[in-house]
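> Predicted coordinates and the sequence they were generated for:
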Amino acid sequence: MSPRDEGRDTYREFTEAVNMKPGELQKWLESDESKHVGWRKSTKGGESVGHESGRKIIDLLRRKRGELSETDHKHMRKVVGYVRRHMAQRPSGDVRETRWRYSLMNWGHDPLKAPLPQPGGPSRRALQRHGAPPKERRGPGR
């Protein structure tokens, strides 16, 4: 796979994982709920890792695709990995007012909006256009 293809795949996965718009994420990051969840690098408090990532995500979403650097792509892959790992740990019951959801929202993903497509599978847009493929065409565990 060429670096160009890898960047395109990273961008696609990032835009599928991040389902909040820049203004929506900015408003969320200003809320008390956002500021009180997540792991902090320092025991003295300060900004959580997810909150810091949310600010970077806003910047990435507002830039043109051609302006993204390898460092940007690296952060985009980190975001995709975080969202996928935490979506796999979804707690049971109503998650509307949970630290789990709030933490994901700091990373730009509101789990109440839409399910996350399978890695390497059809994009969210393709699923919306064509629907899920028939079960016999789905891979194992899909």
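All right, it came through fine.
> Could I get the buried residue list for the helix ranked longest in the chain?
The longest helix of the chain (DSSP state H) is helix 70-87. The neighbour-count check on helix 70-87 (16 or more other CB atoms under 10 Å) flags Asp72, His73, His75, Met76, Val79, Val80, Tyr82, Val83, His86 as buried. Where C-beta positions appear, they are placed from N, C-alpha and C, glycine not excepted.
> what packs against that helix?
The contact analysis (3 or more CB pairs under 8 Å, 6 or more residues apart in numbering; DSSP states H and E) places helix 70-87 against helix 3-17, helix 49-62, helix 99-106.
> Tell me where this structure is predicted with low confidence.
For the chain, the stretches flagged by pLDDT under 70 are 1-6, 42-45, 117-142.
> check contacts around Gly46.
Gly46 makes contacts with Arg40, as judged by CB atoms under 8 Å, 6 or more residues apart in numbering.
> Surely Arg65 and Phe14 touch.
No: between Arg65 and Phe14 there is no contact under CB atoms under 8 Å: 10.5 Å.
> between those two, who's got more neighbours?
Per other CB atoms under 10 Å, whichever of Arg65 and Phe14 has more neighbours is Phe14, with 23 against 11.
> where's that one relative to Lys74, distance?
11 Å (CB to CB, to the nearest Å).
> Ok, Val37 next?
For Val37, the distance to Lys74 - CB to CB - is 24 Å.
> same question, Glu97
The gap separating Glu97 from Lys74 is 33 Å, by CB to CB.
> Spatially, what comes nearest to Lys21 if we skip its sequence neighbours?
Leu61 (7.6 Å; CB to CB, 6 or more residues apart in numbering).
> and what of Thr98?
Distances taken as CB to CB, 6+ apart place Pro91 nearest to Thr98, at 6.4 Å, with adjacent residues excluded.
> My guess is the one you found contacts Glu97. True?
No: with contact defined as CB under 8 Å, Pro91 and Glu97 do not form a contacting pair (11.7 Å).
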